[in-house]
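Asker: Only the shape, not the letters, is given here:
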């Protein structure tokens, strides 16, 4: 499973200390988290400050080179999501690197959707064609984003209610197959 960071502030805020220099920063967790796992399968940062959503991603370890540090030092925004990946679903590659973005929306996910291969078709069937066609990778996480946005477009409800509906649908589909103890839906 992955690790992520998020902040929502009233004023543009730098995040380099949290992402790079803090004792348990995402950079440190990319090397080894508290359980001893390396999260070296990609990293990304999404930043929003009222204009266009800015996203930087790489399909390499945050601790491998200077790119993550440099990206973190450039960020100053009111909303920031950052992620280091430990791949569980989908191969390592830029298309499977968080944050996943569609227009003004971004999502990071820590966890795994068990039975994803079994329920993927049902998730795709529940999406509007525009969102289904926008999927570029093979992760459960990207499918969660597009399912949520499909529900939002169909219902016009709040984003939180649509995310909750998407997660409930995923949980129900997984439970139809079995009681998997490793269902992880932290978004």
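Answerer: Right, received. Where do you want to start? No experiment lies behind these values; they were computed from the predicted model shown.

Asker: Provide the strand pairings for the longest strand seen in the chain, with the direction of each partner.
Answerer: Using DSSP state E, we find that the single longest strand of the chain is strand 3-14. The sheet places strand 3-14 alongside strand 76-84 (antiparallel), with pairing taken from DSSP bridges.

Asker: Poorly predicted segments of the chain, please.
Answerer: 1, 180-181 (pLDDT under 70).

Asker: Tell me which helix or strand comes right after the longest strand of the chain.
Answerer: helix 16 (DSSP states H and E).

Asker: so where do the helices sit in the protein?
Answerer: Ranges of helices in the chain, per DSSP state H, are 16, 26-31, 67-74, 116-125, 129-133, 140-155, 159-177.

Asker: angle of the last one against helix 116-125?
Answerer: If I follow you right, that is helix 159-177. Between helix 159-177 and helix 116-125, the angle comes out at 130 degrees (axes from the mean of the first three to the mean of the last three C-alpha atoms, to 10 degrees).

Asker: same for helix 159-177, what does it pack against?
Answerer: Other elements packing on helix 159-177 under the criterion 3 or more C-beta pairs under 8 Å, 6 or more residues apart in numbering; DSSP states H and E are helix 116-125, helix 140-155. Yep, even glycine has a C-beta here, placed from its N, CA and C like the rest.

Asker: Tell me who's in contact with the closest residue to residue 113 other than its chain neighbours.
Answerer: The shortest distance from residue 113 to any non-neighbouring residue, by C-beta to C-beta, 6 or more residues apart in numbering, is to residue 140 (3.8 Å). Counting by C-beta atoms under 8 Å, 6 or more residues apart in numbering, residue 140 touches 89-90, 109, 112-113, 116.

Asker: Could you give the number of residues near residue 187?
Answerer: Per other C-beta atoms under 10 Å, the neighbour tally for residue 187 reads 17.

Asker: That one is in contact with residue 162, isn't it?
Answerer: No. Assessed by C-beta atoms under 8 Å, residue 187 is found out of contact with residue 162, at 11.9 Å.

Asker: so who does the spatially most central residue of the chain touch?
Answerer: Geometric centre of the chain, nearest residue: residue 108, 1.7 Å, by C-alpha atoms, centre = their mean. Residue 108 makes contact with 2, 4, 6, 44, 46, 81-83, 98-100, 141, 187, according to C-beta under 8 Å, 6+ apart.
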